[in-house]
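K.L.:
Have a look at this prediction, sequence included:
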Amino acid sequence: MTRHYPCCGLYLDLNRNMGDRMLTFVSYTGNKTADGHKIATFRCGCGTVQDFVASRVKNGYANFCKQCSTNIVAEKVKTHGMKYSAEYTTWSGIKNRCKNTTSKDYHRYGGSGILMCDEWANSFASFFAYLGKKPSSKHSVDRIDNNKGYEPGNVRWATPTEQAQNKKNTTYVTDGENVYRINEVAKLLNITRGAAHLRLKRGKLDGFTTHTRMES
């Protein structure tokens, strides 16, 4: 079912039919993720009501509630085995550098407070249920907010180009409704990134102001 939601200006297939279960759109929460994506409430076919990033449902990355997704993936792992899959290798690598004090990368991750949430560290099925299948060989797991760890709402599959835009020195701006990287606004205004920074400092970036991502 395709419905139009003027508040986001998109035609979204937000009701994802998946066999005998589906996620049915209930309402937008009014909240957004750290990188500006709208969060909405959905009802799963099992009856569970849960919040999701709306674009994840639209793009097919979220098809069931958290518990149903975990159960389905756990059965898939049990039946087909994913120990040698790219997704399992990724999960294992993240867990190792966040939890294993003898890992050569531990000092940059676990040792620096960048942790993997217990739910994912204890269950590959839960990790896979959230992130889904790796889109391509070029994709890897990216933390949206580099000051936070590997947890729901802060990770995505991303290409090297997408990850390069997400460095610690990235400046975010907002027009009061949506959040953008300053290089995206510079391109939109047909000016250099340096010019965009200068205009932002002077408060003359066509109505855009600095956006500080909230910590939780």
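P.N.:
Thanks, I have it. These numbers were taken from a predicted model, which means no experiment stands behind them.

K.L.:
State the distance from Val179 to Asn63.
P.N.:
Separation of Val179 from Asn63 (Cβ to Cβ, to the nearest Å) stands at 26 Å. The C-beta positions use only the backbone N, C-alpha and C, and glycine is treated the same way.

K.L.:
Can you list the low-confidence ranges for this structure?
P.N.:
Scanning the chain for pLDDT under 70 picks out 1-21, 78-80, 166-169, 213-216.

K.L.:
Strands of that one, residue ranges please.
P.N.:
For the chain, applying DSSP state E gives strands covering 3-5, 10-12, 16-18, 21-32, 38-44, 49-53, 140-143, 155-158, 172-174, 179-181, 209-210.

K.L.:
Only alpha carbons, please: show the longest one as PDB.
P.N.:
The reference is to strand 21-32. C-alpha atoms of strand 21-32 as PDB (Å, rounded to 0.1, in the frame of the first residue of the first chain):
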ATOM      1  CA  ARG A  21       3.300 -10.700   9.100                       C
ATOM      2  CA  MET A  22       3.800  -7.000   8.200                       C
ATOM      3  CA  LEU A  23       4.800  -3.700   9.600                       C
ATOM      4  CA  THR A  24       1.900  -1.300   9.500                       C
ATOM      5  CA  PHE A  25       2.500   2.400   9.800                       C
ATOM      6  CA  VAL A  26       0.900   4.000  12.800                       C
ATOM      7  CA  SER A  27       2.400   7.600  13.100                       C
ATOM      8  CA  TYR A  28       5.500   9.700  13.000                       C
ATOM      9  CA  THR A  29       7.000  10.200  16.500                       C
ATOM     10  CA  GLY A  30       8.400  13.700  15.700                       C
ATOM     11  CA  ASN A  31      11.900  12.500  16.500                       C
ATOM     12  CA  LYS A  32      14.900  12.000  14.200                       C
END
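
K.L.:
Tell me the helices and strands packed up against that strand.
P.N.:
strand 38-44, strand 49-53, helix 54-58 (3 or more Cβ pairs under 8 Å, 6 or more residues apart in numbering; DSSP states H and E).
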